[in-house]
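1. Quick one, fold the following:
(one chain, ligands or ions: 1)
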Amino acid sequence: MTETWANASGEAGAVSGEAGAGDVRMATVGGLDLHLDLSGHRVRLGLETALRDAIRIGRLGVGTRLPSSRVLAADLGLARNTVAEVYSQLVAEGWLTARTGSGTTVAERRAAADPDVNDAAHPETAAPRYDLRAGVPDLSAFPRRAWLATARRVLATAPDRLLDYPDPRGLPQLREVLAGYLARARGVVTDPGHIVICAGFAHGLAVTCRALHARGAGTLAVESYGHQAHRDIALAQGLRLRPLPVDGSGADLGEAGGADAVLLTPAHQFPLGVTLHPRRRREAARWGGVVIEDDYDGEFRYDRQPVGALQALAPDRVVYAGTASKSLAPSLRLGWLVVPPRLLDAVAAQLAAGPSALDQLTLAEGIASGGYDRQVRRARLAYRRRRDRLVAALGRQHRHVTGIAAGLHAVLELPGTGTERLVITRAAGHGLALTGLESYRADGAGPVIAGDRAGLVIGYARPPEHAYTTALARLCAVVSSPASITDGNHYQPLA
Ligand SMILES: Cc1ncc(COP(=O)(O)O)c(C=O)c1O
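-> Presented below is the predicted three-dimensional model:
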């Protein structure tokens with residue numbers, strides 16, 4: 001902990017030798033200051049692990065030249081033999097290369113030596129080189145400097161009571177500014193008293209489902225395409241699911257009879273990308289049960305003004321849910337609910353630990369200062385450009401994405417699930433991660449109610465800017481391959 005804070009404030013070396021911080025020593029390797037934790041008797045193992053970790057996470061890049069064993073041993077106050085043995089071990093494992101005359105350098109093919117980044121050994125944790133899976137924004141665009149400056153100010157000036165257990169409904173300051181922001185940006189009808197801060201949408205959904213179940217609800221209607229994780233959350237709170245058909249006009253509530261509540265993505269259906277048709281919006285607003293409105297990317301509309309929140313049509317029955325996961329970063333776990341008065345106590349009764357009060361206050365200051373709006377505008381412009389590039393690149397191959405010009409993902413329909421799987425596997429072989437519609441389909445949403453849809457759900461926001469061109473080129477290569485795409489007569493684009 002001490003070391004983390006010291007590093008974060010840029011005080012390199014400040015922890016060296018500090019009591020209670022273990023035996024942390026510093027050496028300069030390849031121009032980088034490396035903190036090496038050599039506590040305990042297993043100094044050799046400590047050095048070996050520290051160097052291996054530094055290579056694995058990229059702090060020591062390929063080709064970086066390491067100091068000679070004599071120099072490193074002197075820097076660290078170790079026996080030269082110890083360092084030489086560590087170098088030999090890492091050479092044997094493939095992390096380092098030793099050549100007479102050019103010294104010891106970080107080896108090229110480190111992935112082969114690292115079970116943690118070896119796709120075959122750990123497919124679930126391995127990071128693909130190019131990632132076009134939907135769900136995550138460009139994390140490299142997180143406004144670190146602004147967030148850090150605000151967080152620093154918040155911590156420096158906050159009274160001690162801010163460090164106490166926070167109000168489970170969320171910090172009043174954040175609820176206050178959110179009420180204004182949501183009214184202005186999304187047309188939500190609310191006041192701070194009806195806003196509840198939660199740890200992202202997933203938490204808000206769990207809390208809402210628990211509250212509904214506690215009040216006797218049994219069935220939640222869900223769009224037949226959506227996140228399995230969200231369906232699992234509802235199931236875990238004791239609700240049964242009823243998948244609703246989704247077509248070019250969004251979800252059809254005609255099939256929701258008997259359900260107590262419905263979960264919808266009205267502004268931008270996830271993952272199909274359509275918007276709920278005005279007639280269906282009106283139907284949803286008049287529908288008898290509770291509507292949970294997942295407004296996960298409502299700020300990101302590119303061709304015209306965003307469709308306002310459905311909540312405004314029925315604030316007494318719609319639970320509106322928003323998140324900072326797309327506009328800032330999912331790791332913050334910051335989200336919010338706007339809860340109808342008659343559900344407020346039931347929802348509040350289910351709240352336990354929410355996000356850190358410091359993060360809540362940092363976000364509140366960001367919204368109040370206009371910094372959050374600026375971040376959303378910057379991101380909107382960047383993602384709009386990316387979407388335009390995606391559309392243009394695919395257009396050159398006479399392929400067209402479906403769905404509205406919005407959000408952080410687009411769908412490229414394919415002739416069938418067989419083709420979908422083939423393209424995804426082929427892409428993986430090119431270091432490109434993709435997901436298909438099949439993985440979002442609700443159990444029991446058979447062809448009869450959902451339509452036999454297949455296609456790629458392309459998350460164009462996720463790669464850092466410098467990787468997007470290559471990610472796009474690889475996508476085009478895999479979808480243009482005649483062996484992977486065969487438009488048969490059974491190809492049916494979305495209505
Ligand atoms: C449809 C949908 N809803 C909500 C979210 C946000 O979830 P959370 O706020 O839990 O990160 C996402 C993010 O991937 C999403 O795709």
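
2. Can you name the residues of the stretch 1-150 of the chain that neighbour the ligand?
-> The stretch 1-150 of the chain comes close to the ligand at residues Gly135, as judged by Cβ under 6 Å from any ligand atom. Using the backbone N, CA and C atoms, a C-beta is placed for each residue, glycine as well.

3. which intervals of the stretch 1-150 of the chain have sub-threshold pLDDT?
-> 1-24, 30-41, 109-127 (pLDDT under 70).

4. Mind doing that once more with 80?
-> Residue ranges of the stretch 1-150 of the chain with pLDDT under 80: 1-46, 49, 53-54, 56-59, 88-94, 100-102, 109-128.

5. just the helices in it please.
-> Per DSSP state H, counting those that start in this stretch, the stretch 1-150 of the chain carries helices over the ranges 2-8, 43-56, 69-76, 80-93, 110-113, 144-157.

6. Most tightly packed of those helices?
-> Of all the helices of the stretch 1-150 of the chain, helix 43-56 has the most neighbours on average by mean count of other Cβ atoms under 10 Å, namely a mean of 19.

7. and the angle from that helix to helix 80-93?
-> 40 degrees (axes from the mean of the first three to the mean of the last three Cα atoms, to 10 degrees).

8. any idea which residue sits dead centre in this protein?
-> Closest residue to the average C-alpha location of the chain: Val136 at 3.3 Å, with Cα atoms, centre = their mean.

9. residues in contact with the closest residue to that residue other than its chain neighbours?
-> Closest residue to Val136 apart from its sequence neighbours, by Cβ to Cβ, 6 or more residues apart in numbering: Arg462 at 4.9 Å. Applying Cβ atoms under 8 Å, 6 or more residues apart in numbering, we find Arg462 in contact with 131-139, 408.

10. does Arg462 sit in a helix or strand, and which one?
-> Using DSSP states H and E, Arg462 sits in no helix or strand.

11. Longest helix of the protein, counting residues only.
-> Secondary structure assigned by DSSP state H gives helix 371-395 as the longest helix of the chain.

12. Next, the angle from it to helix 144-157.
-> Compare the direction of helix 371-395 with that of helix 144-157 by the same axes, to 10 degrees and you get 160 degrees.

13. which residues are contacting the next helix or strand after helix 371-395?
-> Sequence-wise, the next helix or strand downstream of helix 371-395 (DSSP H and E) is strand 409-413. For strand 409-413, the surrounding residues in contact (Cβ under 8 Å, 6+ apart) are 134-135, 270-273, 387, 390-391, 394, 399-403, 437, 453-461, 479, 491, 493-494.

14. Selecting buried members of those residues in PyMOL, what would you type?
-> Typed into PyMOL, the line below selects the buried ones among the contacts of strand 409-413, using 16 or more other Cβ atoms under 10 Å:
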select buried, resi 134+135+270+271+272+273+387+390+391+394+399+401+402+403+437+453+454+455+456+457+458+459+460+461+479+494
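
15. residues touching Arg380, list them.
-> When contacts are counted by Cβ under 8 Å, 6+ apart, Arg380 touches 299-300, 302.

16. let's go with 7 Å and repeat that
-> Taking Cβ atoms under 7 Å, 6 or more residues apart in numbering, we find Arg380 in contact with 299-300.

17. okay, it: pLDDT?
-> Model confidence at Arg380, given as pLDDT, is 96.

18. what about Asp443, how many residues close to it?
-> Neighbour count of Asp443, defined by other Cβ atoms under 10 Å: 10.

19. Helix or strand: which one has it?
-> Going by DSSP H and E, Asp443 is not part of any helix or strand.

20. Read off the pLDDT value for the closest residue to Trp147 other than its chain neighbours.
-> Nearest non-adjacent residue to Trp147, counting by Cβ to Cβ, 6+ apart: Thr362, 6.5 Å away. Model confidence at Thr362, given as pLDDT, is 98.

21. can you tell me the helix or strand for Thr362?
-> Secondary structure assignment for Thr362, by DSSP H and E: helix 357-369.

22. so what does that helix touch, helix or strand wise?
-> With contacts taken as 3 or more Cβ pairs under 7 Å, 6 or more residues apart in numbering; DSSP states H and E, helix 357-369 sits against helix 144-157, helix 172-186.

23. ok so, going back, could you list the buried residues of the longest helix of the chain?
-> Those would be 371-373, 375-376, 379-380, 382-384, 386-387, 390-391, 393-394, for helix 371-395 by 16+ other Cβ under 10 Å.
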